[in-house]
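K.L.:
Prediction below, plus the sequence it came from.
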Amino acid sequence: MKPLSLTRFELYKLFSRKSVWIFFAIMVFCIYLPLQILTSSSGGYAGYYQSVPPTAQQVQQAKSELKKIAPKLECTAGLPNNEVNMLNRAYLRDTAILNAETGSAIKPDLEMLQQSINKLKAQGQIGFTYRADTLEYNMMKHLPYIGFGHYNGASNMMVDFFKTYGLIIFGAIILVGLSPVFSEEYSLGTDSFLLTAKRGRRQLVTAKILASTLYVLVMEGILLVVNVASNLSLFDIGGFNYPLQSIALYSAPFHLSVAQYIGVAVLIQLLGGVAFGFLIMLLSSFNRSTLVTFFVSAGIFALPELIVLMFGLKNWAQTLMDFSYTGLIQVSRLFKSFVAYNVFGYPVLYPILVIGLAILVSIPIVWLTYRVYCRHQIA
Amino acid sequence: MKLQIENISKSYRGKNALKNFNVELSEGVHALLGPNGAGKSTLMRIIAGILRPSAGRVLVDGEDITTMGEDYRDILGYLPQSFGLYKRFTAERFLMYIAALKGLDKSSAERKVSEMLQLVNLDDVRHVKVGKFSGGMKQRLGIAQALLNDPKILIVDEPTAGLDPKERIRFRNLLSDFSTNRIVLLSTHIISDVEFVAQDVLIIKNGQLVNRNTPEGFLRQIERKVWSLTCTERQVSTIQQQFQVGSVTRTHDGVSLRIVSDQQPLPNAETVTPTLEDLYLYYFGEEATSDEATVTNAV
């Protein structure tokens, strides 16, 4: 007959921890929501994005409107606020339409890439740079029409959540929840029960890994609900079917709508969270003290961001962030522009490389966790 | 079944906790007697497989426990000297968790958990969180988890610490019933635990096996080595400095001293029937008199 599930009990240990829920409640209800409500109350107009090529009539209308609006905007003294706002909105809309008249926003980039490819080919240089430019050109060629303007509604706020509050809350909740996974067994003294039980070594580590993965999944799910519910209720609902390039990822070479990007971002953040969770578990298997595990893991999480803040645009600081757990969980970094790394002369897209590395690095981390815990002694 | 402890040594930072410890155990209750720091818990941890020896090995029916792995842990029950519990767990949930760790299926686990809770008298508080338990209740829960998988080899380190006399008797009876066809190794300071339960006593001192015998055998060894005499209050401190004095009792006639000595200590000393407390004093001398637990005779 099948033995009782260990994973169930490990899940109970994780989710019954009051500190996790108190911390989560404070972060969401005392910090994130009040700030988001403040943002929404001061925001107002969501902006305008021209998502399709404008018609001749639209262009004509925009031109004639601009002629009337521009002089009024030069001198707004004496005008009521709501009229000034309306003038500004009209100006943004008309400017976007007129910019869009010239064609897709990526047209100049495509032309530049084409020239570079042709030049490299003519010179017989068909190595990495040629291949990378060709890849970028092909990716951008398949993008939909990329318009002009900027839309700052719920869709943009939801995307923004992943790299700001989402990153911090998700990272912190994983730290708080998973730091004690092994450390607490050592410090409490329950390890003597575990290590002397038939399934208290390898099977227990497997159960803890499964439970921790489920924990990260559930937390990501809860955060997604918070993200969607808060932003849909506080901001203008729209923009989900606009291309990714309509929000702050203007140079992204990926053919994704904002809604699709949100789906992808959830998955990548989840993967990053699970990978980071594995690292925390390994550190926990070494340490008797949950606090030491927490602070070391928090250091690993926060350090890349701190280094970028201190050293700005230095290459090595950017590379460190690019290949950090923080960078992966932040997600937007992977999509903001075309970046390809040279792997044996062939371009490998940065998101694929970093996701692949996260998976590869996790394998020895998990193996080491098994080894460290199963060989743990009680002196 | 045979449990062989073969040339076990253990060093910590240059200090020898165990030195060439050799013993073979078969079914029955074996008591490990020794003062603090003698190496009892170290030996028990090695046998339980949670501490690797510096040298030597532990064999079950000729097979090394390190190669047996899960198969060994399947027949093992272990109660450590000090342990923690999950405060958020109820007693029932904790035992179900241990049952899961021990590989029991759901119906067996439910049955065994109920049985153990009744056995250790915690059935009434099965739904109470362990964080609210007293020290004695936690100890009983610890005993319950050690017996869940019906182990063939039971290692219990100071199992009656924190238990009241009634619970101690209950536990001794439990061990006695349990030890049929099983190997039980029990370490204790409490002499009455040894007296009523153990078939076999192993004396450990400075990490080495000093002697092994039945309780009756040991008592025969120290026959005519335990003395009683009466003296004045002024003489007490002088006598204590010269001889191993066990108990000091003040009576109408003076102060009655119980002394352990190979030779007659004073002309007026008379031999008395030895007890296991005297045995402890005989082997551990000053270590015993400075160890409060050794003069505790619980019942």
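P.N.:
Ah, there it is. Numbering: from 1, shown residues only, chains lettered A, B, ... in the order given.
K.L.:
Quick check: the residue in the stretch 251-379 of chain A that chain B sits nearest to vs A:Glu185, distance?
P.N.:
Minimum separation of the stretch 251-379 of chain A from chain B (Cβ to the nearest Cβ) falls at A:Ile378, amounting to 4.6 Å. The way it works is simple: take the backbone N, C-alpha and C, and place the C-beta from them, glycine included. With distances taken as Cβ to Cβ, to the nearest Å, A:Ile378 is found 11 Å from A:Glu185.
K.L.:
what's the overlap in contacts for these two?
P.N.:
Jointly contacting A:Ile378 and A:Glu185 under the rule Cβ atoms under 8 Å, 6 or more residues apart in numbering or on different chains are A:Asp191.
K.L.:
Return the residues in contact with the residue nearest to A:Met139 when sequence neighbours are not counted.
P.N.:
Spatial nearest neighbour of A:Met139, chain neighbours left out: A:Pro253 (4.3 Å); criterion: Cβ to Cβ, 6 or more residues apart in numbering or on different chains. When contacts are counted by Cβ under 8 Å, 6+ apart, A:Pro253 touches A:Glu136, A:Met139, A:Met140, A:Leu143, A:Ser337, A:Phe338.
K.L.:
Now, the residues you listed that are in helices?
P.N.:
The helices in this structure, assigned by DSSP state H, contain A:Glu136, A:Met139, A:Met140 from the contacts of A:Pro253.
K.L.:
tally of neighbours for the last one?
P.N.:
In other words, A:Met140. Neighbours of A:Met140 under the rule other Cβ atoms under 10 Å in any protein chain shown: 22.
K.L.:
Would you agree it is in contact with A:Lys107?
P.N.:
No - here A:Met140 lies out of contact with A:Lys107, judged by Cβ atoms under 8 Å, at a distance of 9.8 Å.
K.L.:
Tell me the buried residues in the lengthiest helix in chain A?
P.N.:
Longest helix of chain A, by residue count under DSSP H: helix A:202-234. Using 16 or more other Cβ atoms under 10 Å in any protein chain shown as the test for burial, helix A:202-234 gives A:203-216, A:219-220, A:223-224, A:226-227, A:230-231, A:234.
K.L.:
ok, back up a step: of all the contacts of A:Pro253, which comes closest to B:Val260?
P.N.:
Minimum distance to B:Val260 across the contacts of A:Pro253 is 87.1 Å, recorded for A:Ser337 (Cβ to Cβ).
K.L.:
Name the residues of the stretch 201-350 of chain A found near chain B, please.
P.N.:
Neighbours of chain B within the stretch 201-350 of chain A, by Cβ under 8 Å from any Cβ of the partner chain: A:Arg201, A:Leu204.
K.L.:
remind me which residues of the stretch 201-350 of chain A are low pLDDT?
P.N.:
Low-confidence segments of the stretch 201-350 of chain A (pLDDT under 70): A:313.
K.L.:
please redo it, this time with the cut-off set to 90
P.N.:
Applying pLDDT under 90 to the stretch 201-350 of chain A picks out residues A:236, A:238-239, A:245-251, A:304-322.
K.L.:
Which single residue of it approaches chain B most closely?
P.N.:
Counting by Cβ to the nearest Cβ, the stretch 201-350 of chain A gets nearest chain B through A:Leu204, at 6.8 Å.
K.L.:
Helix, strand, or coil at the nearest residue to B:Ala198 once chain neighbours are set aside?
P.N.:
Distances taken as Cβ to Cβ, 6+ apart place B:Ala31 nearest to B:Ala198, at 3.6 Å, with adjacent residues excluded. Secondary structure, DSSP: H, G, I helix; E, B strand; the rest coil: B:Ala31 is strand.
K.L.:
Quickly list the domain ranges of the chain.
P.N.:
All of this is about chain A. Taking automatic domain parsing as the reference, chain A has its domains at A:6-45+A:143-374, A:54-102.
K.L.:
ah, no, chain B please
P.N.:
B:3-215, B:220-295.
K.L.:
Where do the strands of the stretch 101-250 of chain A begin and end?
P.N.:
All strands of the stretch 101-250 of chain A, identified by DSSP state E, counting those that start in this stretch, fall at A:148-151.
K.L.:
To clarify, my last question referred to the stretch 151-299 of chain B.
P.N.:
Under DSSP E, counting those that start in this stretch, the stretch 151-299 of chain B gives strands at B:153-157, B:183-188, B:200-205, B:208-213, B:226-231, B:244-251, B:254-260, B:270-271.
K.L.:
quick one: contacts of the last one?
P.N.:
For strand B:270-271, contacts defined as Cβ under 8 Å, 6+ apart pick out B:Glu223, B:Arg224, B:Lys225, B:Val226, B:Trp227, B:Ser228, B:Leu229.
K.L.:
check contacts around the residue most central in space within chain A.
P.N.:
Centroid check for chain A by Cα atoms, centre = their mean gives A:Val331 as the closest residue, at 2.5 Å. Taking Cβ under 8 Å, 6+ apart as the criterion, A:Val331 is in contact with A:Phe162, A:Lys163, A:Ala265, A:Ile268, A:Gln269, A:Gly272.
K.L.:
Run a quick neighbour tally on the residue of the stretch 151-299 of chain B found nearest chain A.
P.N.:
Closest to chain A within the stretch 151-299 of chain B is B:Ile155: 8.4 Å, counting by Cβ to the nearest Cβ. Residues lying near B:Ile155 (other Cβ under 10 Å) number 27.
K.L.:
Thought B:Leu79 was touching it, still the case?
P.N.:
Yes - using Cβ under 8 Å, B:Ile155 makes contact with B:Leu79 at a distance of 7.1 Å.
K.L.:
sorry, back to before: report whether the residue nearest to A:Met139 is found in a strand, as I expect.
P.N.:
No - secondary structure assignment (three-state DSSP) places A:Pro253 in coil, not in a strand.
K.L.:
Just give the nearest non-adjacent residue to A:Phe276, would you?
P.N.:
Closest residue to A:Phe276 apart from its sequence neighbours, by Cβ to Cβ, 6+ apart: A:Tyr325 at 4.3 Å.
K.L.:
swap that for B:Tyr97, please
P.N.:
Nearest one to B:Tyr97, counting by Cβ to Cβ, 6+ apart, is A:Phe9 at 4.5 Å.
K.L.:
burial of A:Pro80, as a residue count?
P.N.:
9.
K.L.:
Per-residue confidence at it, what does it come out as?
P.N.:
pLDDT for A:Pro80: 83.
K.L.:
Ok, B:Thr296 next?
P.N.:
At B:Thr296, the model reports a pLDDT of 38.
K.L.:
And B:Gln240, what's its pLDDT?
P.N.:
Note on B:Gln240: pLDDT of 88.
K.L.:
Give me the buried positions along the helix or strand encompassing B:Ala146.
P.N.:
Assigned by DSSP states H and E, B:Ala146 falls within helix B:135-147. For helix B:135-147, burial by neighbour count (16+ other Cβ under 10 Å) applies to B:Gly136, B:Met137, B:Lys138, B:Gln139, B:Arg140, B:Leu141, B:Gly142, B:Ile143, B:Ala144, B:Gln145, B:Ala146, B:Leu147.
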